[in-house]
Every structure is written in C-alpha cells, then in structure tokens.
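>>> everything below, folded, please.
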Amino acid sequence: MKHLNHDKAIVIWQFEDAPKQYQSLSQNGGDEDWIAFLPESFLRERMVPAFLEEGSSFGCYKVEKHKVKGGIILIGCHS
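A predicted model of the protein is given here:
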C-alpha cells in the first residue's frame with residue numbers, strides 16, 4: 001500500500017470532537033455541527049470541495065472560514 005501523504009488530506013470532526021483551539025474560532029454561538037481542516041497544499045491545487053460549501057450537509061446555514069497555521073479551518077453551522 002502506498003504511503004499516505006497527510007499534508008494533502010482534509011480532516012473532518014464533529015464539532016464537539018475537534019481540537020479546542022479550532023472550536024474557539026467559531027463566531028456562530030452554539031449552532032456548529034462540523035469542523036474541517038484543509039491544508040495549504042490542498043488549497044494550492046484545488047478549490048474547496050462542494051460538500052464543504054454553504055448549503056451542503058456540512059454547513060446547511062453557513063460555513064465560517066478561518067486561516068490557521070498550515071491551512072484553513074471550515075466550521076459548518078446549521079443556523
């Protein structure tokens with residue numbers, strides 16, 4: 001099996017399971033469902049996948065975007 005290149009992987013957590021420093025970025029006030037980390041290397045090569053955009057199951061109401069060291073954090077909110 002080929003060695004996985006984790007610097008090109010998207011990581012997704014349920015909000016309450018995500019690292020606290022990522023949870024603290026939210027400005028939505030309690031309606032968060034998901035957090036995703038997209039590494040910089042992924043963003044240089046591709047656009048944000050449609051399944052992580054506003055209106056999707058990830059963030060049916062809104063998706064917050066926050067720049068962090070090494071990439072961006074997306075926070076999906078339901079209201």
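>>> contacts and neighbour counts: CA atoms only from here.
Will do.
>>> how about stretch 41-55: buried residues?
By 16 or more other Cα atoms under 10 Å, the buried positions in stretch 41-55 come out as 52-55.
>>> end to end on that stretch, go ahead and measure it.
Stretch 41-55 stretches 25 Å from its first residue to its last (Cα to Cα, to the nearest Å).
>>> what comes into contact with it?
Residues from elsewhere that reach stretch 41-55 (Cα atoms under 8 Å, 6 or more residues apart in numbering): 7-9, 56-63, 71, 74, 76.
>>> bridge partners for the spatially closest residue to residue 13 that is not a sequence neighbour, pull those for me.
Take residue 13 and drop its neighbours on the chain: the residue closest to it by Cα to Cα, 6 or more residues apart in numbering is residue 35, 5.3 Å away. Legend: beta-bridge partners of residue 35 under DSSP bridges are residue 13, residue 75.
>>> if I look at residue 35, how far off is residue 18?
In this view, residue 35 and residue 18 are 7 Å apart by Cα to Cα.
>>> so for the two, which sits in the more crowded spot?
A side-by-side neighbour count of residue 35 and residue 18, using other Cα atoms under 10 Å, places residue 35 first with 28 against 16.
>>> quick one: residues contacting the more buried one.
Residue 35 makes contact with 12-15, 18, 22-23, 73-76 under the criterion Cα under 8 Å, 6+ apart.
>>> now do the helices in the chain.
Along the chain, the stretches classed as helices by DSSP state H are 20-23, 40-45.
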